[in-house]
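Colleague: here is my input; please provide its structure:
(3 chains)
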Amino acid sequence: MRTDTRRLVFLSMLVAMGTALHVVEGMLAIPLPVPGVKLGLANMVTVLAVYLYGLRDGLTVALLRVLLGSLIGGMFLAPGFLMGLAGAVSSTLVMALLLKRTRCFSMIGISMAGAVGHNLGQLLAACLLLQSSAVLYYLPVLLLAGIPTGMFTGYLLNSLLEHEAHIFRDFVGASSGRKTTGTASRRL
Amino acid sequence: MTKADKMLLAGLLFSALISGAALYSRFFFPSAEPVQAVVSIGGKVVRTIELKPGARSSFVVYGRRGPSTVEVDGRRIRMQQAPCDNGICLRQGWIEHPGQSIVCVPGEMLIRMEGAAPLDAVTR
Amino acid sequence: MNKRFAVAICLLTLLLIAGFTLLRNSAAKREYSSDQFLMDTLISIKVYGNDPGTMKTAVTQAYAEMRRIAELADGFAQPGSAAYDASDVCRINARAGQGPVRVDRDTLAMLLLAKKYHELSQGAFDVTVGPLMDLWGFGGKNPHLPPPDRIEAALELVGSKELVLNERERTAFLRREGMKLDLGAVAKGYATEKALQVLKKHGIDKALIDAGGNIRVLGQNVHEGPWRIGIKDPRKTDAVVAVLQLEDASAVTSADYYRGFEQAGKRYHHILDPRTGYPAAHDMTVTVVTRDAGLADVLSTVFFVLPPEDALNMAGKMEGVDLFLVTADGRIRHTPTLRGRVEVKPGAAYRYDQGR
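Modeller: The predicted structure is shown next:
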């Protein structure tokens, strides 16, 4: 019980951070003529959520931060919102897949995959919405864009997990049913 | 970074390169499709020039303010001389892609690049 | 609960996107097109609409109508065959010099149209050129230049004033024995127009009929804009000399580059001047733009035979009729009212000065 409350609290914090990051990075004007390109910093919280608590909670965090971020940013129900949703879902799925099924990736790889997954999901949604494959024109750009942000957030997470891992011990107990031993065994 | 991370990085870079080459190659190797430039004065088309690579020419068009010289160099076209005072059209330089245009407002002159749009049928 | 929740969220997102997509798709038009070989050429009909069943029926009926007109106008059917019995033209030809023949409403309509423009063009258009066409051999395997005296003799049998039409009785009569009708310059266009009316009757509002180069468009194209119809360059294959933007109109061309032959270094094509007996030589290509395809077909021949100056004058005086031509010496000219609907591409071969 106690751990569940803590889990709830921690997840809420993640959502709050994610939303803040989402809004802030939304305000940064990216010089690329591509709709929906964001720095991808907000992805950090999703990775952490999936890592600590699993796919379901990860999805919750992802969707909530897109929802709240769009509400605050004024983009609610705009096509950009749907694209963001698609991106969030695909990115979370990709990261969860890698986290659960593989052991060879560090946070850097996971974050990169997540960022790219996010962009690809958005691109696909845009294709469907606009009924044209013209948007695929931006594929190479989005592939490349995922790399630096993924690396950056991945590096941050790596350091966090390596040096401050003890923070999470309090929030992740046996009752979460997910990786309790993962923290230390994940190669950083 | 783990080895797997590096491999992922390499993989992403590689696919970006491949898709970039596939999608953007036409900017480096312009298509052989014919392009044409349409010159109009006050809305009326006065001249249509087919732009083929290798052909250089220049001609004079009479706009509302007097003569302007238009220069063609292969698939590019530009305004070389114009009787307007602000010279915006001259500073524009060469245009070479369909959809681009050079406008001379005082002379009411417009040079527009048009790609060959597909035809629905041909009467013969 | 974990996995199901995740799956539910994913499905919801997909549903949202799918719903959005469907909304945008509901207005999209479908295309149905079909080709048939008729009147010695390939006919192609393309229609756009929402209901594939209706579209298919409309096109099938349209072709049936074209076939009916083709049978009535067929001048080459062999005696004794079913085609011969169905052909009004064959029956009229058979009874030349003998007596009137009862004909179908559409046959009469074609003949009335032909006679009207025979008179308006002072004889430049004449559907009684049968004997002349036979003499030159254009329909057969060995077309050749006939000697002048044979041409003179054939011209005796050409003259629409000897074609008597009775609207009340619905009969047609060629008064002199040996006269022959040839509806090649009107049947295809007339059939095209009838086919289009069939499509319209079935509720189609976007269509394109390409009857061997006779174009008839209905409404706008699928992108809600004018149909883009090219005019074939008379000397360069696979090139166009202009592009027309048409809505609910016909574009029919008469030119010197199709049927023909070469003899002693000179080229002879099959559009003969009924007054001289020789191929008309003023222009390379003539395109008429007007609503009715039957009229366009007739006028394209009229304006091809007439000198360009006369053709442009006559077209200029006609309401709703536009003309585009390339003269024999490479000058592109057209009626002034065509200006907003045509993009001329003279290239290096032709001279163009606003159509004058």
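
Colleague: tell me how many other residues crowd the spatially closest residue to residue C:98 that is not a sequence neighbour.
Modeller: Of all residues not flanking residue C:98 in the chain, residue C:177 sits nearest, at 7.5 Å (C-beta to C-beta, 6 or more residues apart in numbering or on different chains). For every residue, glycine as well, the C-beta is placed using N, CA and C. Neighbouring residues of residue C:177 were enumerated by other C-beta atoms under 10 Å in any protein chain shown; the total is 10.

Colleague: residue C:177 in helix, strand or coil?
Modeller: For residue C:177, the assignment made with DSSP: H, G, I helix; E, B strand; the rest coil gives coil.

Colleague: surely it touches residue C:99?
Modeller: No. Counting by C-beta atoms under 8 Å, residue C:177 stays clear of residue C:99, with 11.3 Å between them.

Colleague: please tell me how far residue B:10 sits from residue C:319.
Modeller: As judged by C-beta to C-beta, to the nearest Å, residue B:10 and residue C:319 stand 72 Å apart.

Colleague: who has more neighbours, the two?
Modeller: It is residue B:10, of residue B:10 and residue C:319, that has more neighbours when counted by other C-beta under 10 Å, with 10 against 6.

Colleague: just the buried residues of whatever helix or strand that one lives in, please?
Modeller: Using DSSP states H and E, the secondary-structure element containing residue B:10 is helix B:3-28. By neighbour count, with 16 or more other C-beta atoms under 10 Å in any protein chain shown as the criterion, the buried positions of helix B:3-28 are B:4, B:5, B:8, B:9, B:12, B:16, B:19.

Colleague: C-terminal to that helix, what's the next element?
Modeller: For helix B:3-28, the following helix or strand on the C-terminal side (DSSP H and E) is strand B:35-41.

Colleague: who are the packing partners of the helix or strand following that following strand?
Modeller: The helix or strand immediately downstream of strand B:35-41 is strand B:44-51, counting by DSSP H and E. Under the contact definition 3 or more C-beta pairs under 8 Å, 6 or more residues apart in numbering or on different chains; DSSP states H and E, strand B:44-51 sits against strand B:35-41, strand B:56-63, strand B:76-81, strand C:342-344.

Colleague: what's the second one packed up against?
Modeller: With contacts taken as 3+ C-beta pairs under 8 Å, 6+ apart, strand B:56-63 sits against strand B:35-41, strand B:44-51, strand B:66-73.

Colleague: would you mark the buried spots in that strand?
Modeller: Within strand B:56-63, the residues scored as buried using 16+ other C-beta under 10 Å are B:61, B:63.

Colleague: neighbouring strands for that strand, and are they parallel or not?
Modeller: Take DSSP bridges as the rule and strand B:56-63 pairs in its sheet with strand B:66-73 (antiparallel).

Colleague: tell me the gap between the partner strand and the middle of its chain.
Modeller: Using C-alpha atoms, centre = their mean, to the nearest Å, the distance from the centre of strand B:66-73 to the centre of the chain it belongs to is 16 Å.

Colleague: that one to strand B:44-51, inter-axis angle?
Modeller: With axes from the mean of the first three to the mean of the last three C-alpha atoms, to 10 degrees defining the directions, strand B:66-73 sits at 20 degrees from strand B:44-51.

Colleague: residues making contact with strand B:66-73?
Modeller: Contacts with strand B:66-73, where a contact means C-beta atoms under 8 Å, 6 or more residues apart in numbering or on different chains, come from B:37, B:39, B:49, B:51, B:55-62, B:77-83, B:94, B:104, B:107, B:109, B:111.

Colleague: mind giving me the ChimeraX select for the residues you listed, buried ones only?
Modeller: Taking 16+ other C-beta under 10 Å as the burial criterion, the selection of buried members of those in ChimeraX is written as:
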select /B:37,39,49,51,61,77,78,79,82,104,107,109,111
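
Colleague: rank the helices and strands packed on strand B:56-63 by pLDDT, which is bottom?
Modeller: Of all the helices and strands packed on strand B:56-63, the minimum mean pLDDT falls on strand B:44-51 (a mean of 73).

Colleague: so residue A:50 sits right up against residue A:93, yeah?
Modeller: No. Residue A:50 sits out of contact with residue A:93 when judged by C-beta under 8 Å, with a separation of 9.5 Å.

Colleague: higher neighbour count, these two?
Modeller: For residue A:50 versus residue A:93, the count of surrounding residues by other C-beta under 10 Å is larger for residue A:50: 29 against 20.

Colleague: how about that one, what does it touch?
Modeller: Shown in contact with residue A:50 (C-beta under 8 Å, 6+ apart): A:57, A:58, A:92, A:95, A:96, A:99.

Colleague: specify the local secondary structure of the last one.
Modeller: The three-state label given to residue A:99 by three-state DSSP is helix.

Colleague: what is the burial count for it?
Modeller: Applying other C-beta under 10 Å, we find 24 residues neighbouring residue A:99.

Colleague: quick one: contacts for it?
Modeller: If a contact means C-beta under 8 Å, 6+ apart, then residue A:99 has A:50, A:51, A:105, A:110 as its contacts.

Colleague: OK, contacts around the nearest residue to the first one once chain neighbours are set aside?
Modeller: Excluding the flanking residues, the one nearest residue A:50 by C-beta to C-beta, 6+ apart is residue A:58, at 3.3 Å. Taking C-beta under 8 Å, 6+ apart as the contact definition, residue A:58 lies against A:46, A:47, A:49, A:50, A:92, A:95, A:96.

Colleague: how close does residue A:58 get to residue C:126?
Modeller: When C-beta to C-beta is applied, the distance between residue A:58 and residue C:126 equals 85 Å.

Colleague: next step: the contacts of residue A:58 restricted to helices.
Modeller: A:46, A:47, A:49, A:50, A:92, A:95, A:96 (DSSP state H).

Colleague: buried subset of these?
Modeller: Buried positions within those, assessed by neighbour count (16+ other C-beta under 10 Å), are A:46, A:47, A:49, A:50, A:92, A:95, A:96.

Colleague: can you lay out these as JSON lines showing pLDDT?
Modeller: Conversion of these to JSON lines gives the following (pLDDT from 0 to 100):
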{"residue": "A:46", "pLDDT": "90"}
{"residue": "A:47", "pLDDT": "88"}
{"residue": "A:49", "pLDDT": "89"}
{"residue": "A:50", "pLDDT": "88"}
{"residue": "A:92", "pLDDT": "91"}
{"residue": "A:95", "pLDDT": "90"}
{"residue": "A:96", "pLDDT": "89"}
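
Colleague: tell me the one among those residues nearest to residue C:50.
Modeller: The closest of these to residue C:50 turns out to be residue A:92 (C-beta to C-beta; 39.6 Å).
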